[in-house]
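1. okay, sequence plus prediction incoming.
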Amino acid sequence: MHEETSLTVGRVTRVLAERVRPAVHSARIPLEIAAHQLPGEPIPAAEGLALEYAPFAAGQQWGPAWGTTWFRVRGTVPAEWAGKRVEALVDLGFDINMTGFQCEALAYRAGADGKPIPVKSLNPRNQWLPITERAEGEEAVELFLEGAANPVLLDYHPFLPTQEGDILTSSPDPLYRVRHMDLAVFETEVFELSLDLEVLLELQAELDETSPRRMRILQALDDALDVLDLQRIVATAPVARARLADVLAAPADASAHRIAAIGHAHIDSAWLWPLRETVRKVARTTSSMTTLLEEQPKFRYGMSSAQQYAWMKEHRPEVYARIKTAVAEGRFLPLGGMWVESDTVMPTGESLVRQFSHGQRFFEREFGIRSKGVWLPDSFGYSPALPQLMRRAGFEWFFTQKISWNQRNVFPHHSFDWEGIDGSRIFTHFPPMDTYNSQLSGMEVAKASRQFKENRVATRSIAPVGWGDGGGGTTREMTGKASRLTDLEGSAKVEWIHPDEFFDAAKAELPDPAVWVGELYLDLHRGTLTSQHATKALHRWAEQALIEAELWTSTAAVRLGAAYPHDELDRLWQTVLLHEFHDILPGTSIAWVHREAFSVLSGVLDEARALSEAARAALAGSGDLELVFTPSSVDVGSAARALGASVSFAPAAGSVSLAETASGFRLENDLVTVVISPEGLIVSAVDKASGRETIPAGTPANLFQLHQDFPNMWDAWDIDKYYRNRVEDLTAVSSISASVEDGVATIVIERPFSESSLRQTITLRPGSRTVLLRNEIDWHETEKLLKLAFPLDVFARETSAETQFGFQRRVTHVNTSWEAAKFETSMHRFVLVQEDGGFGAALVNDSIYGFDTSRDVDGDDVTTTVRLSLLRAPRFPDPDTDHGRHEIQVGLVIGADAAIATAEGIALNAPATVVRGANEVEPLVAVTGEGIVVSSVKLADDRSGDVIVRVYEALGRRATGSLSVGFEHRGIREVSLIEDELEDPRTGESLSLRPFEVRTLRIARG
């Protein structure tokens, strides 16, 4: 036979697009339209139904950016449509290529009592509404559409700066034009034919060019079109479908890959829209999904983020009622067990604990269920502390797909065990489709089968199916494809399956899976460690303020019988947890989001500090003694450490001197000697005990460097490696002064640069080995990156950077592409470089997360340079990212090891507070044991009054010690990370911890 593949493919492609799909809706008549444009923010649906409406016509424009227009549509189903399925077709001005990123609507009916009943959403690829399954004569139709005019910010030419990302600066001009609002007859057989053709057309494209299966599919397609009358599509569709029946009935191979499909709509809790719009996106999507669940008995839909369920409960109770019904039926699946799909690199360990505890508590309280796995498809890398935290919170599996976005390195596994810094492992799966927005296209299904790394020993993978971010979730076209792909020759087998069932089966197939050790580093989106510093700083400070508020209010509850503010703390924690969402804390949302985050997190900080202040005042009583309230176990040596209040300590031993010389300023105390050049650079830093110089000769530290920062794409997200090729050292000084006040040596430096300026205050205190650098920066740059460089005379084979409940080690060489890709990495409060078992130096900070490391060679000397990332200035999605004033504190710790770095990082972020009063406050608990740190002290979530204490091993080695309790109690027992009882808990005051182990202890009050 002559080769006719391309002719058949071209024929089917055109007939499907130009004849079959347009015939899915046959007869249609226009609806009568009326509209009401709101002058401000959205209103409840009940108020929307009661608005006064003015006439509106198809072809008219509507919707300024971020505006809401309510439409009322009315009509009558014609008598001649009796017996037919009737739908409304609404095109608000959609662009099908901008699914999830433009206008949307939620349709309502008015109930018999006048209350709004949600129907489903309208989205670019979901433009229909159900009217009646079987028309009966003339039926009146009335629908109300809440239209949201969200602007397209990620356009065909993406990443262009725009002022449309904030309602304060967006245009008042209408953005969209209604094309039509019609009633139409839905032709079921034509719809089914369209899916038959689409599935087979996509399948044949993935088969071997000359395979018998492909040839028979092509012949069947030709046969079907031969009998399809293109002027009588409705009448001849059944005949055409009959010609396709045999090729659609052919069963899949016995060894075919198995795809566990789950309905999904990855809805970012904020990103290119504000939080208030996410509430509506969730309402729209879940309304469509509950409708689809009612129509498709095999379909299952999963949604993560307890926050999104809580929004529905609070703001859209009519939608939430449908969600609760579907959850009770076991088909709408709460996933992930977290408050939001958070960033996992930057939050503290306590924040991640609260993500799990608040998420699981909500799901249990509302639905009587717990999530068995953590569902995080889109965060920008994953902390190596996570495996332990997930396991200790009771989770059994972990899911993501973001690592498939790697710029350079292809991850070697899809199903594997992930091992964290303490050795804990959790079974993990990445979908080989490399997407969380699958359409179940032939290309995606074939890709899953071909790419699956475990094909030799396993047979299955997951596919999250549906349009995200307001695209409306899974569509009936996708469920139709799934039904055809259940058992189809040449294709993987597709079935709607609960992720728990998938993970049970996947683990059974892989009793001895491959193991990945350490962080799941995303070699992309490295700029998220730095963008929007104000959001990051306020978040860090709010986290610490809440941890301290828990400590002092717990102390007041136990010591004084004061009421513990459970509700206030829950509310404040949930606000912080929301702002840990993976497009808020990383700094990748529009200006509106970060403007609100600044205000909200500032409020959290104020409220949390007020709780601590009130508790400390009550504990201290009235008097004139200076009491020092210590909120952290700073000394990680072997002596007992307590968290309480005592009479003010004596001043630190020794003194500090400051001398001005021809070469600059010499600062000295009993531990270190530091020399500052006339340019304000650190040219020498000597540890007096060892005599070691920290700064290599001729390469001063404390050097600000300004880089051009214009990545190829994803401006707020990415730092591309070539940024290093252009750098300006900022050495110009407009003024420098030195003084000693209250025993503290201080140097103040003013530096103008480019469009910005900074004021740096350098201090050295008696008895301290840390040179503190307080940087006040007035930043007005465009597409620039500000670094602070510290060349260190340390031959470090690795860095140790703090992460949750410990630190992670990274090699300093770039032997492989995996190491070379880590040219920007993360830390929490410190990064340490140290020679093997010897001298080291650390950098501590109060509000930054990104840094880079390089090895430098001068002759035979190998040194290490650490550069901290301070500020960026990308122009998308916020064109004025980080503009304004910032304060960033950094400390150079001279002669540091892991214990010293940990202690100095804690001290900078959790300083003691002096309060005047009459009473010393006995601490609730104290710990002994080198390396054992108290992370938090609080009252139990179950409101029993029991005290919860969390400790961890901070130095990466085994530790033994004890926990002493300073109040009457009935015993100590270990509980889970989220305070669940354990089957065989360890009890008593003795502590024995593995490297980086986290333990949560419950003290039953007497």
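-> Thanks, I have the structure now.

2. what's around A321, how many residues?
-> 15 (other Cβ atoms under 10 Å). The way it works is simple: take the backbone N, C-alpha and C, and place the C-beta from them, glycine included.

3. just G59 next, same as before
-> Counted with other Cβ under 10 Å, residues neighbouring G59 total 9.

4. now the one 5 residues further on
-> Counted with other Cβ under 10 Å, residues neighbouring P64 total 19.

5. now it, nearest residue through space, not along the chain?
-> Distances taken as Cβ to Cβ, 6 or more residues apart in numbering place P172 nearest to P64, at 4.7 Å, with adjacent residues excluded.

6. can I take it that that neighbour is in a helix?
-> No: using DSSP: H, G, I helix; E, B strand; the rest coil, the assignment for P172 is coil, not a helix.

7. what pLDDT is listed against it?
-> Looking at P172, its pLDDT stands at 96.

8. same check on G100?
-> pLDDT at G100 comes out at 87.

9. torsion angles phi and psi at it?
-> Here is the backbone geometry of G100 (degrees, to the nearest 10): phi 90, psi 0.

10. and the residue nearest the centre of the chain, what does it touch?
-> Nearest residue to the geometric centre of the chain (Cα atoms, centre = their mean): H582, 2.3 Å. H582 makes contacts with D268, E341, S342, D343, D378, S379, F380, as judged by Cβ atoms under 8 Å, 6 or more residues apart in numbering.

11. quick one: buried ones out of the residues you listed?
-> Among those, those classed as buried by 16 or more other Cβ atoms under 10 Å are D268, E341, S342, D343, S379, F380.

12. is it fair to say F503 lies in a helix?
-> Yes: F503 sits within a helix when classified using three-state DSSP.

13. close enough to count as contact, it and I426?
-> No: counting by Cβ atoms under 8 Å, no contact exists between F503 and I426, whose distance comes to 10.5 Å.

14. so for the two, which residue has more residues nearby?
-> Each of F503 and I426 has its neighbours counted (other Cβ under 10 Å); F503 has more, 24 against 21.

15. now that one: closest residue in space, sequence neighbours ignored.
-> W397 (4.3 Å).

16. longest helix anywhere in the protein?
-> helix 591-620 (DSSP state H).

17. the residue nearest to F503 bridge partners, please.
-> Legend: beta-bridge partners of W397 under DSSP bridges are G373, F427.

18. before we move on, back to that, which residues do F503 and I426 both contact?
-> With Cβ under 8 Å, 6+ apart, F503 and I426 have common neighbours E396, W397.

19. rewinding a little: contacting residues for the residue nearest to F503?
-> K372, G373, V374, I426, F427, T428, H429, P499, F503, K507.

20. could I get these in a markdown table, plus columns for pLDDT and distance to L758?
-> Converted to a markdown table, the contacts of W397 look like this (pLDDT from 0 to 100; distance: Cβ to Cβ, whole Å):
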| residue | pLDDT | distance to L758 |
| --- | --- | --- |
| K372 | 98 | 50 |
| G373 | 98 | 46 |
| V374 | 98 | 41 |
| I426 | 98 | 44 |
| F427 | 98 | 48 |
| T428 | 98 | 43 |
| H429 | 98 | 46 |
| P499 | 98 | 49 |
| F503 | 98 | 51 |
| K507 | 98 | 53 |
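
21. including distance to L200, could those residues go into TSV?
-> Compiled in TSV, these are given as follows (distance: Cβ to Cβ, whole Å):
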residue	distance to L200
K372	37
G373	35
V374	38
I426	40
F427	36
T428	35
H429	30
P499	29
F503	32
K507	35
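
22. so W418, which of the three states?
-> Classification of W418 using three-state DSSP returns strand.

23. what count of nearby residues applies to it?
-> Neighbours around W418, by other Cβ under 10 Å: 24.

24. that one against A514, yeah?
-> No: applying Cβ under 8 Å, one finds W418 not in contact with A514, separated by 10.0 Å.

25. does A926 touch G966 like I think?
-> Yes: between A926 and G966 there is a contact under Cβ under 8 Å: 7.1 Å.

26. which of those two has more residues huddled nearby?
-> A count of neighbours by other Cβ under 10 Å puts A926 above the other of A926 and G966, at 19 against 16.

27. next, the buried residues of whatever helix or strand the more buried one lives in.
-> Remark: A926 resides in strand 925-928, with elements defined by DSSP states H and E. By 16+ other Cβ under 10 Å, the buried positions in strand 925-928 come out as V925, A926, V927, T928.

28. S663: neighbour count?
-> Neighbour count of S663, defined by other Cβ under 10 Å: 12.

29. residue contacts, it?
-> V675, S677, P678, V683.

30. identify the residue spatially nearest to the second one, adjacent ones excluded.
-> If I follow you right, that is S677. Among residues not flanking S677 along the chain, G664 sits closest, at 4.3 Å (Cβ to Cβ, 6+ apart).

31. tell me what that neighbour is bridged to.
-> T661.

32. re earlier: quick check: the farthest pair among the contacts of W397?
-> Farthest apart among these by Cβ to Cβ are V374 and K507. That separation is 15.1 Å.

33. who has more neighbours out of these two?
-> Neighbour count, other Cβ under 10 Å: between V374 and K507, V374 has more, with 28 against 17.

34. helices of the stretch 101-250 of the chain, start to end?
-> Counting by DSSP state H, counting those that start in this stretch, the stretch 101-250 of the chain has helices at residues 188-206, 212-227, 233-249.

35. buried ones in the longest one, by neighbour count?
-> Which is helix 188-206. So helix 188-206, judged by 16+ other Cβ under 10 Å, has buried residues 189-204, 206.

36. got it, and the last one?
-> Residues of helix 233-249 classed as buried under the neighbour-count rule (16+ other Cβ under 10 Å) are I233, V234, T236, A237, A240, R241, R243, L244, V247, L248.

37. ok, residues contacting stretch 608-627?
-> Residues outside stretch 608-627 that contact it (Cβ under 8 Å, 6+ apart) are 542, 545-546, 548-549, 551-553, 555-556, 559-560, 562, 565, 568-569, 572, 629, 645-648, 913-921.

38. nope, stretch 855-865 is what I was after
-> 696, 699, 789-796, 799, 812-813, 833, 853-854.

39. narrow the residues you listed to just the buried residues.
-> In terms of neighbour count (16+ other Cβ under 10 Å), the buried residues within the contacts of stretch 855-865 are 696, 699, 789-796, 799, 812, 833, 853.

40. for those residues, give me JSON lines that also has pLDDT, secondary structure and distance to T528.
-> As requested, the buried ones among the contacts of stretch 855-865 are arranged in JSON lines below (pLDDT from 0 to 100; DSSP: H, G, I helix; E, B strand; the rest coil; distance: Cβ to Cβ, whole Å):
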{"residue": "P696", "pLDDT": "97", "secondary structure": "coil", "distance to T528": "31"}
{"residue": "T699", "pLDDT": "97", "secondary structure": "coil", "distance to T528": "30"}
{"residue": "A789", "pLDDT": "98", "secondary structure": "strand", "distance to T528": "21"}
{"residue": "F790", "pLDDT": "98", "secondary structure": "strand", "distance to T528": "23"}
{"residue": "P791", "pLDDT": "98", "secondary structure": "strand", "distance to T528": "26"}
{"residue": "L792", "pLDDT": "98", "secondary structure": "strand", "distance to T528": "26"}
{"residue": "D793", "pLDDT": "97", "secondary structure": "coil", "distance to T528": "32"}
{"residue": "V794", "pLDDT": "98", "secondary structure": "coil", "distance to T528": "28"}
{"residue": "F795", "pLDDT": "96", "secondary structure": "coil", "distance to T528": "31"}
{"residue": "A796", "pLDDT": "97", "secondary structure": "coil", "distance to T528": "26"}
{"residue": "T799", "pLDDT": "98", "secondary structure": "strand", "distance to T528": "19"}
{"residue": "T812", "pLDDT": "97", "secondary structure": "coil", "distance to T528": "23"}
{"residue": "V833", "pLDDT": "98", "secondary structure": "strand", "distance to T528": "24"}
{"residue": "T853", "pLDDT": "98", "secondary structure": "strand", "distance to T528": "18"}
